[in-house]
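fold the following.
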Amino acid sequence: MKRPVPPRAKRIATPRVHHGDTVIDEYAWLQQREDPDTIAYLSAEADHTATATAHLAGLRNLLLDEFRSRTPPAELTVPVLKDGYWYYNRTEAGRPYFLHCRVAASAGATAPPEVGGAAGAGGPLPGEEVLLDRNILAGDSPYFNLGIFDVSPNGRLLAHGVDHTGDERFTLQIKDLCSGTLLPDRMPDVSYGSAWSADGTRLFYVTADVTGRPYRIWRHTIGSSSGDLLVHEEPDRQFRLGVALSRSRGFIVITSRSRTTSEVHVIAADRADGPPVVVAPRRPGVDYTVDHQGDRFLVLHNAGAPDFTLAWTPAAAPGAWHSLVEHVPGVRLTQVYAFAQHTVLALRRDGLTGLRILSPDGNRIRDVAFPEPIHTVRPDRNLEYSTTLFRLRYASLVTPESVYDCDLGSGELLLRRRTRVGGGFRPEHYEQHREWATAPDGVRVPVSILARRDTARIGGVLYAYGAYQAPADPWFSPTLLSLVDRGVVFAVAHPRGGGELGRSWWDGGRLLAKKNTFTDFLAAAKHLTDAGWVAPGRLVARGASAGGLLVGAVANLAPDRFAGIVAEVPFVDPLTTMLDPGRPLTVQDREEWGDPIADPDVYAYLKSYAPYDNVGAHRYPPILATAGLHDTRVAYHEPAKWVARIRSLSPATAVLLRTEMHGGHSGPSGRDRSWRAEAFITAWILDRLAAPAARPASG
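Numbering: from 1, shown residues only. As a prediction, this is how the structure comes out:
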């Protein structure tokens, strides 16, 4: 078949000079989103991608059918208790978005209502009240996101924020749940986060500056038209603000956080007009979070404790921190959850997640046991302060996501729901493993592996993120089964730069140690071939956002190592971005990547690995890149420029770009649209590995 002729982006020499170094960026013009030539180029790339992948249309449809077959057409989440109501979401067959619902709870109820039968299939529970129908809010818009959903403590009002473009700027409105009508209160261009006063008469919310940084907290009085009051402003551009109501309902908690430092202010929720009170003034490098419990604040912090420790300070007059849990190197405490009679700590140990229950005095500690050696456990919504149950979610590469309630007295796990997976799924057909690769400097790098037991292995996919101290913990995905059922081994590398092995793991893969992330990933790829999981040259690399930078960097470092590269919304032009403090996230990200404006060593180091700056004339493996036109985190022009430069310098490389014209960083919205996007990528991967179109009959 004759290969379609790809588009060629025009070249306009744009010089950039820093630290005596002149760079000519011939594709800088693509940064002008409103330029008709930019839209024309993105459209031409989309047309080329469609033509080049037209032969995969049948496979994409087959995959889409498989995705649908594994997911019930209608579902109902396990209800969670809050202020006398059971709150839950449910989907309906043929509708892309879910509904937010609640039913009244009977007195003294602790176990959620039975959701089997019709309810388990997505039908309404008896006495259901639909609070919001996302399908109605979305209307005919090609994109929809609900960034805020916050019911007032008295259960009468609902604050909700809607985004129809993907730029993560929301219009905040208030719904009267008694009458079902919208109040005239309307706040445009708000960011994530909100908090109600104790009596539900005031609402705190966040706005962002021109770069998208959340930096102001406002107080709105319901029904007032006199203007909202600025409560707190963060002038330091490395810090972002957030606001929430404590689980105890005692305090509105305002958190200002950079990548390495934080500061918390509180306002008594029953005296919402009062000024914010600082819990502890910020100190460079000291990161802490706060939760309220009785007459004290619990403080999870890293002062003199790299893997964090737990302390308390008086709520009436925050001051000195008194130790509750000693620091243990290698046990990274990640979150604290305060309840009336218990405290729960989320933690990481040996690259896996866990939970620890503390008695109020901290003297009795119980670690919760989980059934599989490889797993991910994460706290779910725990809205009640006075409770004996802790809601959590559990999954592994072979175990579908499961909802448990953990008895805080005994540590017993009560299974409430395991996600139903159709399409003939049987967990015994699959195996999962945790193995360790060895990096060039001798560091052991964890690798999580999923494979089918009874199918010949024809290749593999290696996924990673590796940045911002964010772990890529093992997860269950019904869509992944379509790869694995066809003999594709799926592996997740956990390189330095992520948070899998604690704070030191992040430090080992950021700033002037960032290249460890790339060599760790290549070590994981080598391990998969050396251990016999995949044959050499039969591995596709996949990463998104900062993980897209990772796969872009290894494409330059080892272009012959991979059969293909999937780079989703990839951060492939980090040097250009970090040289422009006016762009979203740039200033905050200096603690991750460094400051190339002020430091010539950082400039040189970033330039030495930035995928865009290091595109060469060598032949790359086939590349599939995606972008979102309204992405405020990784601008669409980063992958667009990268693709244009690869095509110019390496014309033999088969490189494709697919831009969501009505989406942001997370891609298209709605269940079916998301499935179609995943089917597109999965089909491309299977094509690269020459995998069979059909699944095994037993799958």
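
list the strands paired with the longest strand that the chain contains, with their directions.
The longest strand of the chain (DSSP state E) is strand 181-196. Take DSSP bridges as the rule and strand 181-196 pairs in its sheet with strand 170-176 (antiparallel), strand 202-208 (antiparallel).

was I right about Arg282 contacting Ser262?
Yes. Between Arg282 and Ser262 there is a contact at 7.0 Å, judged by CB atoms under 8 Å. Every residue, glycine included, has its C-beta placed from N, CA and C.

looking at these two, which has the bigger crowd around it?
Under the neighbour definition other CB atoms under 10 Å, Arg282 and Ser262 were set side by side, and Ser262 has more, 22 against 18.

count of neighbours near Lys607?
18.

list the contacts of it.
Applying CB atoms under 8 Å, 6 or more residues apart in numbering, we find Lys607 in contact with Asp21, Leu575, Pro596, Asp613.

what bits of the protein have low per-residue confidence?
Low-confidence segments of the chain, defined by pLDDT under 70: 1-2, 115-122, 362, 695-699.

which parts of it are helices?
Secondary structure of the chain (DSSP state H): helices at 36-52, 57-70, 117-120, 134-138, 480-484, 503-507, 515-530, 546-557, 574-578, 590-593, 600-609, 637-649, 671-688.

can you put the ones you listed in JSON lines and add distance to Val286?
Formatted as JSON lines, the helices of the chain follow (distance: least, CB to CB, whole Å):
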{"stretch": "helix 36-52", "distance to Val286": "43"}
{"stretch": "helix 57-70", "distance to Val286": "45"}
{"stretch": "helix 117-120", "distance to Val286": "47"}
{"stretch": "helix 134-138", "distance to Val286": "40"}
{"stretch": "helix 480-484", "distance to Val286": "39"}
{"stretch": "helix 503-507", "distance to Val286": "12"}
{"stretch": "helix 515-530", "distance to Val286": "25"}
{"stretch": "helix 546-557", "distance to Val286": "25"}
{"stretch": "helix 574-578", "distance to Val286": "25"}
{"stretch": "helix 590-593", "distance to Val286": "13"}
{"stretch": "helix 600-609", "distance to Val286": "23"}
{"stretch": "helix 637-649", "distance to Val286": "33"}
{"stretch": "helix 671-688", "distance to Val286": "39"}
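
most tightly packed of these?
Neighbour counts (mean count of other CB atoms under 10 Å) averaged over each of the helices of the chain peak at helix 546-557, with a mean of 27.

so what does that helix touch, helix or strand wise?
helix 515-530, strand 539-544, strand 564-568 (3 or more CB pairs under 8 Å, 6 or more residues apart in numbering; DSSP states H and E).

turn those into CSV, including distance to Ser669.
Formatted as CSV, these follow (distance: least, CB to CB, whole Å):
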stretch, distance to Ser669
helix 515-530, 30
strand 539-544, 16
strand 564-568, 15
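
Val328 is nearest to which of those?
Judged by CB to CB, the one of these that comes nearest to Val328 is helix 515-530, at 24.6 Å.

show me what contacts Ser197?
By CB under 8 Å, 6+ apart, the neighbours of Ser197 are Leu203, Phe204, Ile252, Ala269, Asp270, Ala272.

from Tyr463, how far out is it?
Using CB to CB, to the nearest Å, Ser197 is found at 44 Å from Tyr463.

do Pro142 as well
According to CB to CB, Pro142 stands 28 Å off from Tyr463.

ok, those two, which is more surrounded?
Shown here are Pro142 and Tyr463; by other CB under 10 Å, Tyr463 has more neighbours (21 against 16).

my read: that one touches Ala472, true?
Yes. Between Tyr463 and Ala472 there is a contact at 7.1 Å, judged by CB under 8 Å.

can you pull the contacts of the residue nearest to Gly509 when sequence neighbours are not counted?
Nearest residue to Gly509, sequence neighbours excluded (CB to CB, 6 or more residues apart in numbering): Gly497, at 2.7 Å. Listed by CB under 8 Å, 6+ apart, the contact partners of Gly497 are Gly466, Ala467, Tyr468, Trp505, Trp506, Gly508, Gly509, Arg510, Lys514, Asn516, Thr517, Ala546.

thinking again about what came up before, between Tyr463 and Ala472, what contacts are shared?
Val492, Gly547.

hmm, who's touching stretch 199-206?
Residues from elsewhere that reach stretch 199-206 (CB under 8 Å, 6+ apart): 148, 150, 152-154, 156-157, 159, 172, 174, 187, 190-197, 214, 216-222, 231, 241-243, 252, 254, 270, 272-273.

so Pro79 makes contact with Pro113?
Yes. Using CB under 8 Å, Pro79 is in contact with Pro113, at 6.0 Å.

hey, what's in contact with both of these two?
The contact sets of Pro79 and Pro113 overlap at Trp86, Val103, Leu125 (CB under 8 Å, 6+ apart).

can you pick the most crowded of the residues you listed?
Trp86 (22 neighbours).

next, find the distance separating that residue from Arg8.
According to CB to CB, Trp86 stands 58 Å off from Arg8.

repeat that for Gln32.
18 Å.

Leu230 too?
Separation of Leu230 from Arg8 (CB to CB): 50 Å.

what sits against Ser386?
Shown in contact with Ser386 (CB under 8 Å, 6+ apart): Phe339, Ala340, Gln341.

ok, and the closest non-adjacent residue to the last one?
The one in question is Gln341. In space, and not counting its chain neighbours, Gln341 is closest to Pro360: 6.1 Å by CB to CB, 6+ apart.

you'd agree that neighbour is up against His342?
Yes. With contact defined as CB under 8 Å, Pro360 and His342 form a contacting pair (7.0 Å).

ok, these two, which is more surrounded?
Neighbours were counted for Pro360 and for His342 using other CB under 10 Å; His342 has more, 19 against 16.

tally of neighbours for the closest residue to the more buried one other than its chain neighbours?
Spatial nearest neighbour of His342, chain neighbours left out: Leu408 (4.4 Å); criterion: CB to CB, 6+ apart. Residues near Leu408, counting by other CB under 10 Å, number 21.
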